[in-house]
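Novice: Okay, here's the prediction I keep looking at, along with the sequence it came from:
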Amino acid sequence: MRLTSSLRGGLCAVVVLGALRAVVAAEDAPALPMEIPIVVVKYFPLKGDLIDKSITGDWGAPFKETREKTERQTQELIAALEDGSRYHGYKDAEAKPSLKYRVLACFEFYAPMPTVPKKPGQKEPFTDYNAIMNEIGIQRWVEERGVKEVWIWGYHGGVLVLWESNMAGPFGDISNSNRDPNDLPVLKKTYTVYHYNYQRGTSEACENHMHQIEATLNYVDGRDRTPPGKWADLLFWGKFVGSDRSHKIVHPGCGWAHYPPNAEKDNDWANPRFVETDIEDWKPDGSGKKQSLNSDRWQKNSLKWFVYWMQNIPGAGSGLQYNGKPLRNWWLFIGDFDTAMQKKWKLVEE
């Protein structure tokens with residue numbers, strides 16, 4: 001195994017930025033945009049100048065091409081996530097992002113991804129996230145450098161099991177995983193690990209974040225503690241998404257990652273069917289103006305759907321209210337999870 005901390009140009013040269021901002025707004029809410037420092041980790045098992053397909057299972061392209069792809073997609077992903085945090089950015093050119101991503105460091109390993117030994121009946125081994133985090137010295141990055149996310153570029157190919165997102169910290173694991181409390185080092189601050197497959201595109205990487213957003217907002221809104229029969233009454237899942245225990249769209253609200261408002265099945269991003277939806281004027285009481293809309297609105301493109309959906313999440317300056325109380329900027333739960341948990345913030349201001 002070889003670890004490089006200084007590479008030939010491009011995104012992946014290790015860079016440690018200066019002291020992170022710790023400015024606090026007058027209302028104790030983090031200053032905007034909230035910075036999300038990240039560490040990028042890449043696994044490139046090599047066979048000469050190629051990625052070793054016998055290890056990845058489905059990817060044997062040249063190493064140079066693969067590295068360039070991960071660098072390009074990292075930048076595209078950052079752009080999509082920042083753009084997505086601009087409330088109604090598709091119609092408000094002045095909308096400012098709530099999130100700002102910074103790559104503090106990049107590690108490359110020219111070896112197979114570490115895995116946990118298979119259990120009886122298991123077809124593929126799980127990725128060993130503890131081993132990866134220990135190898136990069138995660139405690140220093142999180143507790144001293146303020147890192148909030150780790151982005152792993154690896155592979156899947158039927159040779160290992162991965163979690164699209166995983167979390168550890170003082171408030172537990174709120175992620176799109178099985179929420180095993182022992183599969184990541186638990187530190188004094190929360191961090192989230194995203195595992196991408198470089199055989200796929202930027203849209204699939206962005207989808208990992210979409211599901212993490214959904215998991216976080218559902219947790220804050222209490223879905224984990226609500227009987228499934230009452231999910232349709234919840235602020236996020238019932239009123240914003242427009243779904244219930246079925247995960248389908250039961251009334252065309254704003255939808256979720258797999259289901260735009262007009263979707264009829266999972267991943268139905270190119271459905272030409274028109275529906276009446278208030279996605280661009282969503283209000284918690286259902287009084288928003290509805291419009292006839294289909295997948296042409298996001299050009300039948302999954303990544304553009306994700307960005308469009310995120311831009312409809314109640315963000316900075318939304319002016320929305322629920323039962324006479326203002327909605328928070330929901331990006332606070334992504335940009336500063338620990339502060340939100342410490343202060344016991346909800347989707348609606350108390």
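Specialist: Yep, it's here. Only a predicted model underlies this, so the values are computations on that prediction, with no experimental measurement involved. Numbering: from 1, shown residues only.

Novice: Find me whatever residue is spatially closest to residue 128, sequence neighbours aside.
Specialist: Distances taken as Cβ to Cβ, 6 or more residues apart in numbering put residue 114 closest to residue 128, at 4.0 Å, once the chain neighbours are dropped. C-beta: built from backbone N, CA, C; applies to glycine.

Novice: Look up how far residue 245 lies from the one you found.
Specialist: 37 Å (Cβ to Cβ, to the nearest Å).

Novice: Give the residue from the two that has the larger number of neighbours.
Specialist: residue 114 (18 against 14; other Cβ atoms under 10 Å).

Novice: shouldn't the more buried one be in contact with residue 126?
Specialist: No: applying Cβ atoms under 8 Å, one finds residue 114 not in contact with residue 126, separated by 10.1 Å.

Novice: quick one on the thing from earlier: residues touching the residue nearest to residue 128, list them.
Specialist: Residue 114 sits next to 127, 128, 131, 132, 135 when contact means Cβ atoms under 8 Å, 6 or more residues apart in numbering.

Novice: Contacts only, for the third one.
Specialist: Taking Cβ under 8 Å, 6+ apart as the contact definition, residue 131 lies against residue 114.

Novice: isn't there a helix covering it?
Specialist: Yes: checked against DSSP: H, G, I helix; E, B strand; the rest coil, residue 131 lies within a helix.

Novice: Model confidence for it, exactly?
Specialist: pLDDT recorded at residue 131 is 98.

Novice: I'd like to know how far it sits from residue 152.
Specialist: 12 Å.

Novice: do the fourth one as well
Specialist: Taking Cβ to Cβ as the measure, residue 132 and residue 152 are separated by 7 Å.

Novice: Return every residue with contacts to both of those two.
Specialist: Common neighbours of residue 132 and residue 152 (Cβ under 8 Å, 6+ apart) are residue 41.

Novice: Disregarding residues adjacent in the polypeptide, which is nearest to the residue most central in space within the chain?
Specialist: Residue closest to the mean C-alpha point of the chain, counted by Cα atoms, centre = their mean, is residue 209 at 1.6 Å. Leaving aside its sequence neighbours, residue 209 sits nearest to residue 81 (Cβ to Cβ, 6+ apart; 6.1 Å).

Novice: For the host helix or strand of that neighbour, give me every contacting residue.
Specialist: Assigned by DSSP states H and E, residue 81 belongs to helix 63-84. Contact partners of helix 63-84, identified using Cβ under 8 Å, 6+ apart, comprise 10-12, 33, 40, 42, 44, 46, 49-51, 59, 61, 89, 97, 99-101, 103, 108, 151, 153, 196, 198, 201-202, 205-206, 209, 303, 306-307, 309-311.
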